[in-house]
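J.: predicted model and sequence below, questions to follow.
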Amino acid sequence: MSLPDWPIVTAWPRQVEAPDRDFFQVLGQRRSRTGGDLPEPKLAALLRHSTQLRERRPDGRFGQWESRTAPSAGGLHTLRLLVIGAGLTVGGLYDGEAHALRAPTDLSEARELNRRSVHELTGADSGATIQLVADGRLYADCYDGWETLMWRDAGAMSAILSLIATALSVNAVILGRRGDAIVNAAGLTGDWIAAGALQLSSG
């Protein structure tokens, strides 16, 4: 499923911050914490590093496949990242090709539902949320028992986001929720499936 036909509302320069910490430093420093509002350049860097395309080829098991930062069943990479949060002036679905956010006319209901959820789960009232959204139809077209693969992919993406956040000196908390109501309120219905979320904040 391609991205919804939403306009680009925020576009960033492709040159983003590159952390200089090594992998084992990042592992040792990773913690689940909340903090203040997240600077937009940090958000842009996190999104770019977490979804970076390395290779795209047409000869996969199901046709086109991709190699990206996080692993994905069959190289399908059906997960999308919906960015929302009380501490953000920007929001929308991340478009990795354009390194930009695409958004519908109104995200206010999704923002409010997310604000309540984040406060209930973490006590935080600031920061940014990355809500994972999966293309259920593409999984179902390719796999029997696809739900387990979707959750595996979501777990892998959550771990990648959390580790890259740590490398960028950004706090990250993996939230204990699916996020169905939030995804639907953003206008992502039908075959789009909520698949978990992370709360991000400054240290």
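T.: Structure's in. What do you need?
J.: dead centre of the protein: give me the residue that sits there.
T.: residue 81 (3.1 Å; C-alpha atoms, centre = their mean).
J.: pairing partners for the lowest-mean-pLDDT helix or strand in the chain, with directions?
T.: In the chain, the helix or strand scored least confidently by mean pLDDT, DSSP states H and E is strand 63-68, which has a mean of 74. Strands flanking strand 63-68 in the sheet, each with its direction: strand 53-60 (antiparallel) (DSSP bridges).
J.: now the strand it pairs with: how far from the chain's centre is it?
T.: Centre-to-centre, strand 53-60 and its host chain are 21 Å apart (C-alpha atoms, centre = their mean, to the nearest Å).
J.: what is the orientation angle of the longest helix anywhere in the chain with strand 63-68?
T.: When secondary structure is assigned using DSSP state H, the longest helix within the chain turns out to be helix 146-167. Interaxial angle, helix 146-167 versus strand 63-68 (axes from the mean of the first three to the mean of the last three C-alpha atoms, to 10 degrees): 30 degrees.
J.: quick thing: my sequence starts at 19, can you match it?
T.: Yes, from this point I'll number from 19; that puts the last item at helix 164-185.
J.: helix or strand for residue 195, which one?
T.: Secondary-structure assignment from DSSP states H and E places residue 195 in no helical or strand segment.
J.: next, the closest residue in space to residue 201 that isn't next to it in sequence: secondary structure please.
T.: Taking C-beta to C-beta, 6 or more residues apart in numbering, and ignoring the residues beside it in sequence, residue 201 has residue 212 as its nearest neighbour in space, at 4.2 Å. To be clear about C-beta, it is placed using only N, CA and C from the backbone, and glycine gets the same treatment. Recorded secondary structure, residue 212: strand (DSSP: H, G, I helix; E, B strand; the rest coil).
J.: now the residue of the chain most remote from its centre: how far from residue 41?
T.: No residue in the chain sits farther from the centre than residue 77, which is 26.7 Å out by C-alpha atoms, centre = their mean. To residue 41, residue 77 is 31 Å away according to C-beta to C-beta, to the nearest Å.
J.: residue 96 too?
T.: For residue 96, the distance to residue 41 equals 27 Å [C-beta to C-beta].
J.: which residues in this structure form helices?
T.: For the chain, helices defined by DSSP H occupy the ranges 41-47, 58-69, 126-140, 154-160, 164-185, 198-203.
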